[in-house]
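Enquirer: Give me coordinates for this.
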Amino acid sequence: MSFCTRLARLLLLCLLPASLAAQTKGIPEWCKPLPRPEYKTLLRVPVTDPWFEVYRVAPGTFAIYEPHQAEETISYLIVGTKQAVIFDTGMGIGSIGKVTRQLTSKPVVVMNSHTHNDHVGGNSEFMFVYGLDTDFTRKNARGSRVDAQAEIAPDQLCGNLPPGFNSKTYVTKPWKISRFVHDGFTINLGGRKLEVIATPGHTPDAIALIDRGNGLLFTGDTYYPAPIWLYRPETDMDAYVASAKKLAALAPQVKLVLGAHNVPVAQPDVLPKLVDAIQAVRSGKGEVKAAGTGKAMHTFQDFKFLLAAPSKGLD
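Expert: Residues are numbered from 1 along each chain as shown. A predicted model of the protein is given here:
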């Protein structure tokens with residue numbers, strides 16, 4: 001090997017760590033732990049759109065995960081013998097409607113866990129959308145540009161946006177509410193039923209869905225295994241605690257808890273622990289750290305809550 005060749009290889013070895021460090025530096029912190037190890041235990045279902053990952057979490061039940069955006073939103077396709085419900089429609093960055101058509105030939109109706117933009121982005125792709133009868137729901141059904149644009153800032157993305165996606169025109173498109181529903185409303189999918197459980201707190205229109213026949217509880221943003229956001233003006237802390245208690249009371253009937261962000265599957269014993277944690281935080285227990293303008297991260301045991309600062313509900 002010539003001296004020049006050895007020198008070139010030595011220079012390459014010296015430059016490689018700096019190159020890798022530069023690449024890592026450009027990756028947002030939230031992106032670095034991905035892929036999350038919990039997904040290794042789930043059955044992945046192939047779909048053609050790389051923006052989404054789909055996992056079968058129970059018979060006729062699919063978690064539709066968006067790992068390339070910081071919200072890591074998870075929507076659920078719940079299929080019966082006659083029709084299906086899509087519980088949330090994600091960011092609206094990729095076409096969730098096309099994904100559902102690859103998973104089922106049944107007609108699909110929309111039910112939202114609540115109407116923050118990261119859960120309603122694909123509503124306009126569907127013909128029939130249920131909505132909770134609240135002013136908050138009606139307002140958000142008009143769509144939004146500001147919230148949508150904030151979701152595609154560079155630090156919010158991990159990997160590439162879908163081919164053909166136009167970031168300049170990206171908005172949460174308005175949608176039509178086909179029918180207003182209420183606590184206790186039941187959707188018959190054929191062979192399985194879903195019951196609406198009103199869980200206000202995170203938002204005024206927050207709901208959970210329970211499939212009692214299969215022991216599945218879809219909790220939306222009332223519970224998911226990541227910092228739970230409770231800092232926005234529409235959040236009602238007293239209502240949130242009451243809703244957490246309502247869900248915890250269902251734990252003996254439930255086999256799986258399915259939240260709306262990060263990881264789709266949790267065990268039902270997490271629900272009474274959630275109640276203990278949020279009550280502890282409200283009584284001043286746990287660790288508190290500033291988390292950006294007007295927000296504070298409260299940690300108690302395995303739970304994190306992002307609250308307004310000064311924190312709502314603290315004595």
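Enquirer: Give the buried residues for stretch 150-166.
Expert: The neighbour-count check on stretch 150-166 (16 or more other CB atoms under 10 Å) flags 151, 152, 157, 158, 161 as buried. The way it works is simple: take the backbone N, C-alpha and C, and place the C-beta from them, glycine included.
Enquirer: In CSV, list these along with secondary structure, distance to residue 309 and pLDDT.
Expert: Listed next are the buried residues of stretch 150-166 as CSV, based on DSSP: H, G, I helix; E, B strand; the rest coil; distance: CB to CB, whole Å; pLDDT from 0 to 100:
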residue, secondary structure, distance to residue 309, pLDDT
151, coil, 23, 97
152, coil, 27, 97
157, strand, 27, 97
158, coil, 27, 96
161, coil, 33, 95
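Enquirer: wait, which of those is closest to residue 102?
Expert: residue 161 (20.2 Å; CB to CB).
Enquirer: The closest one touches residue 168, doesn't it?
Expert: No: using CB atoms under 8 Å, residue 161 is not in contact with residue 168, being 11.9 Å away.
Enquirer: Give the burial count for residue 291, as a bare number.
Expert: Look at residue 291: counted by other CB atoms under 10 Å, it has 16 neighbours.
Enquirer: before we move on, what about residue 62?
Expert: Considering only other CB under 10 Å, residue 62 is surrounded by 25 other residues.
Enquirer: which one is it nearest to, not counting chain neighbours?
Expert: residue 77 (4.4 Å; CB to CB, 6 or more residues apart in numbering).
Enquirer: all helices for this structure, in order.
Expert: 3-25, 96-103, 117-120, 135-140, 146-150, 237-248, 270-282 (DSSP state H).
Enquirer: mean pLDDT for these: which is lowest?
Expert: Comparing mean pLDDT over the helices of the chain, the weakest stretch is helix 3-25, at a mean of 42.
Enquirer: Low-confidence stretches in the chain?
Expert: Low-confidence segments of the chain (pLDDT under 70): 1-25, 311-315.
Enquirer: again, only using 90
Expert: For the chain, applying pLDDT under 90 flags the ranges 1-26, 292, 309-315.
Enquirer: Between the two ends of stretch 80-99, how far is it?
Expert: 17 Å (CA to CA, to the nearest Å).
Enquirer: can you pull the contacts of residue 77?
Expert: Each residue near residue 77 by CB atoms under 8 Å, 6 or more residues apart in numbering is listed here: 61, 62, 64, 84, 85, 86, 87, 100, 103, 104, 108.
Enquirer: The spatially closest residue to residue 257 that is not a sequence neighbour: neighbour count?
Expert: In space, and not counting its chain neighbours, residue 257 is closest to residue 266: 4.3 Å by CB to CB, 6+ apart. Residue 266 has 19 neighbouring residues, counting by other CB under 10 Å.
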